[in-house]
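Asker: here is a sequence with its predicted model. Questions after.
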Amino acid sequence: MRRGAWSTRYAFYLATVGSAFSLGNLWRFPYVVNSNGGGAFVLLYILCALALGLPIVVAELMLGKAYKQSVIVATEQLSDTSTQSWIRRTRIWSFVGTLANFSSVVLLSFYSVICGWVLFFLMKYVAKISSKAEISNTLFTTLMDNGWLQVALMSVHLLITTLVVSKGLKEGVEKLTAWIMPLFVVLMIYLVFKSISLPGATEAMRFLFYPDFSSFSKDTLLKVLGHVFFTLSVGMGAMVVFGSYLKEDSYVPRSGFRVAILDIIVCLFAGFLIFPIIFTLSSIEDVGPALLFNSLPVLFEKIGLGRLFGLFFFLCLYLAVLGASIMLLETSVANLIDKRKFNRQKASWIMIGIAFVLGLPAALSSTVLVGVKVFNKDILRFYDSLLIDTMLPLVVLGMALVVGFGMPRKVKEEHFISENEMDSEKFFRNWHFLIRWIVPGVIVIAIALSLWPK
Ligand code: PHE
C-alpha cells in the first residue's frame, strides 16, 4: 500500500507538536502539579520527560518509520515466527500494539468531553465579546451542572473530528493551524508576561520550582510517568503513525528530541501562566480539572482587551485539541485500515461510535451519574487515572521492550547511526540502554511502589 509522507518538515513538526501540545500541557499539567505539591513534582516531571519520555518518543517514531505501518501491524511484523530468536518469535509484541490502539480509543472518548468544555468556553467568549456583563467564574459550574449539554458538546466535537478525518479535510485544518499556532505562541508569551506581573507571581514561582519532597506519596512517581507519556503522546501508537509518514531522509532522533523539548517548554509555560493567577486569588483552591477554566477567565477580565484575548486563546486551544483529536482518531483509523483493510470512511465512523459510547458516562459523571464511583472516583476521573496512571505506563513498558528487544538491532542502527550526525554511535548506545533497561526498570519500580501496602 502506498503511504503518504509529510510534505515538508514543517508539516511534520506542526502535526507532531500540535498533537503533543494540547490539553496535557495547558489543562492537565497545572492541575496535577497543583494537586501533587508543586516544585518536587515539576522537577521529577522534567527529569522523567528527558530521561524516559524522550527515548520513547524516538523509539515509537523509529518503529513507525522502519515498518511503515501503524502500531498493530508494525508490532505483528516483529512477532516473526520464522526467526530463530525466541524473543522475536513471541506474540507478546503484537499484544502491545493492540493494547496501544485500545488506549487511543479510550483516550479519545474522555478527551472529547474536555474538548467539549473548551468549545463551551469558546462559544461563551464569542457571545460575550461585546457585552458589559462580567464573565463570572461560575461558568464552569454551570457546565458541570448540565450533563446533557456536555454530551451535546462532546458529540459536536466528535462530529467535527470525524468529518475532518473521513472527508480528508485535514489539509485545510493543517493550513489553518499553521497560521494560528505561531500566533498562539505569541499570545501565550504575552499572557505569561501579564500573569507574572500579578502580585502572586513570586509565590507562584516558588511553588513551581522549590522542591518540597514531603509532598511525595508512593503514587507520585507513577503519576509523573503517566503524565509524561500522556503529554508526549506515547503509549497510544500515535507517534508510530507519525513515524510511518516520515520521509526516508529524516533523522528520527532529532525529530524526537525537538518534539520532546518543545513539549516540556509548553508545560512550563502553562505553569507560569496559571499559577500566578491562583496565588493572587485566594479563592481558587485545588479545583482539579476545573483549574484552567476557573483561573484564566479571571486574568482575561483583568487585562485590557481581555475578552478578545480570551476569545483568541480558546480558539487556539480548540484548534490544538482538534488537532490532537484528529491525530487520535487517525491513529485508530490507520490501525483499522492497515489491519482489517476497512475504507477510511467506515473506519472513522466505527471508531467515533465507540468513542461516543465510552465517552457518554464520562460526560454524565457530574450530573446523572454523580453517585457512581469507581475506586472512589467519579467516572471522568476514573477514566483519566485508568488510562494515564495505569494503561500508559504499562503500554510504554511494553513498547520499550518491543523496540529494545523485539526490533532487530541492525534496523535500529540504520535509523540512528549516521555519518552526518556527530557522536551518533555513542548516542545510540545510550539510547538503547535507556530503552532496554532504564525505562522498563523505572516503570516497574513506579508500579511496585504504588501497589505497596501503606
Ligand atoms: N499529547 C496530547 C495532549 O497533551 C494527547 C494526545 C495523545 C494527542 C496521543 C494525540 C495522540 O493533550
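Answerer: Received, thanks.
Asker: which parts of this protein sit against the ligand?
Answerer: 19-20, 22-25, 230-231, 233, 236, 238, 324, 327-328 (C-beta under 6 Å from any ligand atom). C-beta: built from backbone N, CA, C; applies to glycine.
Asker: okay, the residue found closest to Ala40 once you drop the neighbours it is linked to in the chain: pLDDT?
Answerer: The shortest distance from Ala40 to any non-neighbouring residue, by C-beta to C-beta, 6 or more residues apart in numbering, is to Pro211 (4.1 Å). Looking at Pro211, its pLDDT reads 91.
Asker: contacts only, for Pro211.
Answerer: 39-40, 42-43 (C-beta atoms under 8 Å, 6 or more residues apart in numbering).
Asker: max pairwise distance over those: which two?
Answerer: Ala40 and Val42 (7.4 Å; C-beta to C-beta).
Asker: for this protein, what helix or strand is lowest in average pLDDT?
Answerer: helix 86-89 (a mean of 61; mean pLDDT, DSSP states H and E).
Asker: list the buried residues for whatever helix or strand comes next after that one?
Answerer: Counting by DSSP states H and E, the next helix or strand C-terminal to helix 86-89 is helix 92-128. By neighbour count on 16 or more other C-beta atoms under 10 Å, the buried set for helix 92-128 is 93-122, 124-125, 128.
Asker: and if you look at stretch 354-372?
Answerer: 355-356, 358-366, 369.
Asker: which of the residues you listed fall within helices?
Answerer: Secondary structure from DSSP state H places 355-356, 358-363 of the buried residues of stretch 354-372 in helices.
Asker: tabulate the residues you listed (TSV), appending pLDDT.
Answerer: Formatted as TSV, these follow (pLDDT from 0 to 100):
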residue	pLDDT
Ala355	95
Phe356	97
Leu358	96
Gly359	96
Leu360	97
Pro361	97
Ala362	96
Ala363	96
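Asker: ok, which pair from the buried residues of stretch 354-372 is furthest apart?
Answerer: Ala355 and Ser366 (19.2 Å).
Asker: circling back: out of the contacts of Pro211, who's the most crowded?
Answerer: Neighbour count (other C-beta atoms under 10 Å) singles out Val42 as the most crowded of these, with 22 neighbours.
Asker: sec struct for that one, please.
Answerer: helix (DSSP: H, G, I helix; E, B strand; the rest coil).
Asker: contact partners for it?
Answerer: 33, 208-209, 211, 268, 271.
Asker: now with 6 Å?
Answerer: 33, 208 (C-beta atoms under 6 Å, 6 or more residues apart in numbering).
Asker: now it: how far from Phe309?
Answerer: From Val42 over to Phe309 the distance is 26 Å, taken as C-beta to C-beta, to the nearest Å.
Asker: also Lys346?
Answerer: 42 Å.
Asker: burial of the closest residue to the ligand within the chain, as a residue count?
Answerer: The minimum distance from the chain to the ligand, using C-beta to the nearest ligand atom, falls at Gly24 (2.2 Å). For Gly24, the count of nearby residues is 25 (other C-beta under 10 Å).
Asker: can you verify my assumption that it contacts Val228?
Answerer: No - using C-beta atoms under 6 Å, Gly24 is not in contact with Val228, being 9.3 Å away.
Asker: so, low pLDDT: which residues of the stretch 251-400 of the chain?
Answerer: Applying pLDDT under 70 to the stretch 251-400 of the chain flags the ranges 282-286.
Asker: rerun at 80
Answerer: By pLDDT under 80, the weakly predicted segments of the stretch 251-400 of the chain are 282-287.
Asker: what ranges does it have for its helices?
Answerer: Applying DSSP state H, counting those that start in this stretch to the stretch 251-400 of the chain gives helices spanning 252-280, 291-302, 306-340, 344-363, 379-384, 392-401.
Asker: Ser215: which of those is closest?
Answerer: helix 252-280 (15.0 Å).
Asker: which helices and strands sit right next to that closest one?
Answerer: Counting contacts by 3 or more C-beta pairs under 6 Å, 6 or more residues apart in numbering; DSSP states H and E, helix 252-280 packs against helix 9-20, helix 29-35, helix 54-67, helix 170-195, helix 201-209, helix 291-302.
Asker: would you pull up how far it lies from the middle of the chain?
Answerer: Put simply, helix 252-280 sits 12 Å off its chain's centre (C-alpha atoms, centre = their mean, to the nearest Å).
Asker: please identify the buried residues of that helix?
Answerer: Here helix 252-280 shows 252-253, 255-260, 262-264, 266-280 as buried, counting by 16+ other C-beta under 10 Å.
Asker: how close does the residue nearest the centre of the chain sit to Leu26?
Answerer: Centroid-nearest residue in the chain, with C-alpha atoms, centre = their mean: Thr231, separated by 3.4 Å. Noted for Thr231: a distance of 10 Å to Leu26, by C-beta to C-beta.
Asker: and the nearest residue to Phe416 once chain neighbours are set aside, how far from Ile447?
Answerer: Closest residue to Phe416 apart from its sequence neighbours, by C-beta to C-beta, 6+ apart: Phe428 at 4.4 Å. Using C-beta to C-beta, Phe428 is found at 28 Å from Ile447.
Asker: do the same with Leu153
Answerer: In terms of C-beta to C-beta, Leu153 sits 35 Å off from Ile447.
Asker: can you check Ser131 too?
Answerer: 51 Å.
Asker: cool, Phe110 as well?
Answerer: Taken as C-beta to C-beta, the span from Phe110 to Ile447 is 22 Å.
Asker: want to throw the contacts of Pro211 into JSON lines with pLDDT?
Answerer: Output for the contacts of Pro211, formatted as JSON lines (pLDDT from 0 to 100):
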{"residue": "Gly39", "pLDDT": "94"}
{"residue": "Ala40", "pLDDT": "94"}
{"residue": "Val42", "pLDDT": "96"}
{"residue": "Leu43", "pLDDT": "96"}
